[in-house]
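Enquirer: Sequence and predicted structure, then a few things I'm wondering about:
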Amino acid sequence: MIRSEHLSKVFRTDEVETTALNDVSFEIRKGEFVAIMGPSGCGKSTLLNILGLLDNPTGGKYFFLDKDVSKSTERQRANLRKFNIGFVFQNFNLIDELTVFENVELPLIYLGMPARERRTRVDVVLEQMQISHRSKHFPLQLSGGQQQRVAVARAVIAKPALILADEPTGNLDSVHGEEVMNLLNDLNNNGTTIIMVTHSQRDAEYSQRVIRLFDGQIINENIKKSAL
Amino acid sequence: MIQNYFKIALRRLLRQFSYTAINVIGLSVGIASFLLIMLYIQYHLGFDKHIPEIQSLYRVVQIQQADGVGEQHVAVHMGPLSETLVKDIPEIIDAVRVMSWGSAPVQVGDAYYSQENVVWTDPSIFRLFGVKLLMGDTAAALAEPQSIVLSETAAKKFFGDKEKAIGQLLGFNNESGYIVTGIMEDQPRNSHLFIDMMVSYQSALISFPWLKGWGSNSMPVYVKLSPEANYKAVSEKINKLVDQFYKGDAFSHAPKMYLQPNSEIHLRSGHIKFQINEKQGNYRMVFVFMIVAILIIVIACINFINLAIARSVKRAKEVGVRKVLGADRLNLIYQFMGESVIITFLSLLLALILVELSLPVYNRLLDMELQMQFLNNPLFNIGLLGLWLLISLLSGIYPAFFMSRYQAVEVLKGVKSQKHQSGGWLSRALVIFQFSVAIVLIFIVMVTNRQINYISGKDLGYNYERVLGIYLQTGNAAQKAELLKPRLQQITGIKTTATASFINGVAGNQSTIIVDDSASTRIMVRFGYVDENFFPLMEIKLLEGRNFSIDYPADAKESVILNQAAVSYLGWENPIGMRFKPFGMDTLNKRTVIGVINDYHYYSVHSKIEPAAYVIYPEGFGVMCVKYEPDNSKDIIKQIEAEWLSLFPTTTFNWVSASERLEKQYRNDKNTMHLFTMFTLLSLLISAMGLYGLTALRVEQRTKEIGIRKVLGGTVSQMIQLIFKEFLLLVGLAGLIALPIGYYISSQILGQFAYAIRISVLDGFIALFSALFIATLTIAYHARNAAEANPVEALKYE
């Protein structure tokens, strides 16, 4: 599903050049749950942004659904993104002015889905995430765990093939963190590919494979026994 | 999707209430100011629009070279001119004379009225000015002597009902036998020629036979040109024609004639003396106010833009999230434009309410009757719609493009790069622009205010306080004065009385007089007909010689008193004893100069004091002047009225107060001044509101910086300085730009006055420092709060 060949990303300012990714190659198959780990500043988030088509690499090739997208335009990436990828962020990134229902509905609006269909689909997903009783509330009225469940609901609403999660439990306590990990796990069991950036060994336990990054390079790939 | 935009926009507006309030109030005050000014401009531009075929209607103007006065444009002409023009110039297909004396006494049965807006005119007025008759026949109504056409209002006033008026007899100008031959529609108020009563010109020819000759310029003449005619070419033809009349007259210069398009009369006649021009306007002021209106709207839009950009950092997250979820740039531009459309719409509604509420005060301030008419003012409605879209676009487009440019990845990473910070060059430039406008406006207000005070307080050369003028009206004025005088002197509180052509001493007309010297020197003077009591009553100083006196019976026939302007034009070192030939005729008694009076402003300070000659001429007396003791004018006027009516029961009692008349002359200036001050204050308010909002947001963005500085040892006062420096520098820069512009515009305005103050450095200082003061007040609140905040809190939030 995803293949990267010698990916690199260099950030340049007037005087400084920083290499965030250096010759990163790997492949992720459909239905996998992969964790990307490493210390702060190792390039995890940069990699996730490229995988999520939010950014282009400076070198190498990136194949998404067997298509080279490393030189796509913003518009092409936006189109691929909205049909195929869902995002979950550490700080939830819900829109404060929209209710739970409206936040979850938003991706469907950008897909141009009719209102009636949207309503049914959102209701179903909110039910699945056990948050439907909060559908008329605003994000700031919810606990962190509830907010992240809303964010997950929003990520899956368009039925994407891939979910990218950036430290999904980073702002949650252990109980709520576990809830969210279970949700992701369930999604993966139902066939959704998941790539997750994390610091937490516990969260990484949910994945089938861990890619470790250090200073922009892959230092090892562990495939857990349970996945074999 | 639109529903979603709308929803989020409304929620955001409600949630950030103070921001919305600043935005909506600022914008609505701006729009309301704009609309008020536009109503004023529409009023002025709407003058004479009711006249059909106005594009082929022109007023004849002549340029005279008047000795002692210089070049002057006048819109009054000789009686036979209009007939001659139609007869001799084929392009002129019609013409009308309109002679006005302002008010005239009218007698209906036993009732007496003083009727305003009376003219003597030709039947062609129906054709040229589109005057419609409700009753009567336009061909016949003004054809015969002693025919009168009344407006519906005048007819109701005299006869109770227009039906009853037609065919009725009435007395006019103390002559009986006039007959009402027509009732016309009430004329629109926004007409430079406002008429309530028309008397046939044939009647004037009988009452004033001299009108048949070419000797005096007494009436405005309007001509209608054939469609293919070029009015400038026709002007040349008129000139040639008039030259012929003056051929062989060694003394008189032939005037140069030109045609003035009727559509320009209301706004472009400031240079013309002797004209009928009701509620005359000035195109310069209309232009200035149009600029002010646009500036105010722009200032309000700038607030909107600046606040939106300053807030954009806060909204970056939303932009990022939306982009991640699949929004493209166009989606976001639509969304932000949508918000601006909503805010503008709310502001527009509020502005309409503000306009409706402020119109009564506004009208009182301007002495006008403006109103918002949604039903029969399509221009206004289209204008509103256009304004809505324009402001939405103007204020929404930049923030929309600015914010939709954000990269999702940067925003979500939490990178607040410098380019996302507000306070970029654009915000600064906009603040500088706003304050430049404010400083220019304050500058102009300072200067014009001083000018108005100067005019009001200027020593006019006479004392107009507690002076009444009682109109002696037609008939034997001098005799009336003789009868009235002893009666008035009986009234306690009346100090002295005098008789004169008018309360300002002059008769209103100009005449040429000829010096009895070998060169036959000529001088154009304003004639004043006064008795020996007028100068003492008005406390007008005698500089040389003596006043008229009953001890010199010959004064009435042989003496003349000049003003200083006349003497200096003639260049006489010893004017006393010099002699004039009245009208250049040797048969009349020569007049000898017996005194010279101080130049006093018999007209407004707008015009220069022209040469004037005063003689005793009882036939020219028009008012009896009364100087009374302080504080009992109402009582005195009642007593005078009683005396008047007991002496002359068949007339009406009319009077004028010298100080009120003067006040009226400057009312226009004062109204304009009020308007200008009001809109300057409003533009300041809008700018200050914008600065208030902008400071709040800037301070919020700098919370971390201030926190760090304080941790490192910065004091509260240093922090306050830090914030002030940023904004006061901008206001200072605005001053540099604004002061020269303010100076230029102010000097243009002062140029309209013959007597004007000088612009001083102080005006500029005051303008600059008021702007700095207002900016300081505006910034102070937020600056203090931010500087005093606990640095731990500040750093925690980051």
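Expert: Arrived safely. Residues are numbered from 1 along each chain as shown, chains lettered A, B, ... in the order given.
Enquirer: Would you list the phi and psi of the closest residue in space to B:Q62 that isn't next to it in sequence?
Expert: Computed as CB to CB, 6 or more residues apart in numbering or on different chains, the closest residue to B:Q62 that is not its neighbour in sequence is B:P255, at 3.9 Å. (C-beta placed from N, C-alpha, C; glycine too.) B:P255 adopts backbone torsions of phi -70, psi 160, taken as degrees, to the nearest 10.
Enquirer: who are the neighbours in contact with B:P255?
Expert: Residues near B:P255 by CB atoms under 8 Å, 6 or more residues apart in numbering or on different chains: B:Q62, B:I63, B:Q64, B:Q65, B:V242.
Enquirer: In space, what's closest to the fourth one - neighbours in sequence excluded?
Expert: It refers to B:Q65. B:H253 (4.8 Å).
Enquirer: List the contacts of stretch B:373-380.
Expert: With CB under 8 Å, 6+ apart, stretch B:373-380 has contacts from B:Q42, B:M372, B:N381.
Enquirer: By neighbour count, which of these wins?
Expert: For those, the largest number of neighbours (other CB atoms under 10 Å in any protein chain shown) sits with B:Q42, at 16 neighbours.
Enquirer: re earlier: before we move on, what SS does the residue nearest to B:Q65 have?
Expert: Under DSSP: H, G, I helix; E, B strand; the rest coil, B:H253 falls in the coil class.
Enquirer: And residue 177, what's its pLDDT?
Expert: As the question left the chain open, I've gone with chain A. In this model, A:G177 is scored at 88, pLDDT.
Enquirer: My question was about chain B, not that one.
Expert: So B:G177 comes in at 90 (pLDDT).
Enquirer: likewise B:G396?
Expert: The model's pLDDT for B:G396 equals 85.
Enquirer: Test my guess that it contacts B:M337.
Expert: Yes. Contact criterion CB atoms under 8 Å: B:G396 and B:M337 qualify, at 4.6 Å.
Enquirer: So for these two, which sits in the more crowded spot?
Expert: Higher neighbour count among B:G396 and B:M337: B:G396, with 24 against 20, using other CB under 10 Å.
Enquirer: any idea how far B:F402 is from the residue in the stretch 551-700 of chain B that chain A sits nearest to?
Expert: Chain A sits closest to B:E700 of the stretch 551-700 of chain B, with a gap of 16.4 Å, by CB to the nearest CB. Distance from B:E700 to B:F402, counting by CB to CB, to the nearest Å: 18 Å.
Enquirer: ok, back up a step: if I've got this straight, the residue of the stretch 551-700 of chain B closest to chain A is in a helix?
Expert: Yes. Counting by three-state DSSP, B:E700 falls inside a helix.
Enquirer: And for it, the neighbour number?
Expert: If you count neighbours by other CB under 10 Å, B:E700 ends up with 16.
Enquirer: what residues are up against it?
Expert: Contact analysis of B:E700 by CB under 8 Å, 6+ apart lists nothing.
Enquirer: Can I get stretch B:533-549 in PDB, CA atoms only?
Expert: Coordinates of the C-alpha atoms in stretch B:533-549 are reproduced here as PDB (Å, rounded to 0.1, in the frame of the first residue of the first chain):
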ATOM      1  CA  ASN B 533     -28.700 109.100  12.400                       C
ATOM      2  CA  PHE B 534     -27.600 105.900  10.800                       C
ATOM      3  CA  PHE B 535     -23.800 106.100  11.300                       C
ATOM      4  CA  PRO B 536     -24.100 107.100  15.000                       C
ATOM      5  CA  LEU B 537     -26.700 104.400  15.600                       C
ATOM      6  CA  MET B 538     -24.500 101.700  14.100                       C
ATOM      7  CA  GLU B 539     -21.400 103.200  15.800                       C
ATOM      8  CA  ILE B 540     -19.700 103.500  12.400                       C
ATOM      9  CA  LYS B 541     -16.600 105.600  12.800                       C
ATOM     10  CA  LEU B 542     -16.200 108.800  10.800                       C
ATOM     11  CA  LEU B 543     -12.500 109.100   9.700                       C
ATOM     12  CA  GLU B 544     -12.600 112.500   8.100                       C
ATOM     13  CA  GLY B 545     -15.000 115.400   7.600                       C
ATOM     14  CA  ARG B 546     -18.400 115.300   9.100                       C
ATOM     15  CA  ASN B 547     -21.600 113.300   9.200                       C
ATOM     16  CA  PHE B 548     -24.900 114.500   7.500                       C
ATOM     17  CA  SER B 549     -26.600 117.000   9.700                       C
END
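Enquirer: Next, the buried residues of it.
Expert: With burial defined by 16 or more other CB atoms under 10 Å in any protein chain shown, the residues of stretch B:533-549 counted as buried are B:N533, B:F534, B:F535, B:L537, B:M538, B:I540, B:E544, B:G545, B:N547, B:F548.
Enquirer: and the last one, which of the three is it?
Expert: So that's B:F548. Per three-state DSSP, B:F548 ends up coil.
Enquirer: ok, the closest residue to it other than its chain neighbours - how many residues close by?
Expert: Counting by CB to CB, 6+ apart, B:F548 lies nearest to B:E532, which is 4.0 Å off, once chain neighbours are set aside. For B:E532, the neighbour count with other CB under 10 Å is 18.
Enquirer: SS state for B:E532?
Expert: Put simply, B:E532 is coil when judged by three-state DSSP.
Enquirer: got it, and B:M198?
Expert: Strictly by three-state DSSP, B:M198 counts as strand.
Enquirer: Isn't it up against B:M184?
Expert: Yes. Assessed by CB under 8 Å, B:M198 is found in contact with B:M184 at 7.4 Å.
Enquirer: which residues do the two both contact?
Expert: B:V131, B:V149.
Enquirer: Give me the mean pLDDT for whatever helix or strand B:A154 lives in.
Expert: Using DSSP states H and E, B:A154 sits in helix B:152-159. For helix B:152-159, mean pLDDT is 93.
Enquirer: where exactly do the strands run in the stretch 201-350 of chain B?
Expert: B:221-225, B:256-261, B:272-273 (DSSP state E, counting those that start in this stretch).
Enquirer: likewise the stretch 451-600 of chain B?
Expert: According to DSSP E, counting those that start in this stretch, the strands that the stretch 451-600 of chain B contains are B:467-471, B:494-500, B:510-515, B:522-529, B:542-545, B:559-563, B:579-581, B:591-597.
Enquirer: picking up where we left off before, got the contact list for the helix holding B:A154?
Expert: So helix B:152-159 is contacted by B:106, B:108, B:111, B:113, B:115, B:134, B:150, B:161-162, B:165, B:168, B:170, B:180, B:183-186, B:196-197 (CB under 8 Å, 6+ apart).
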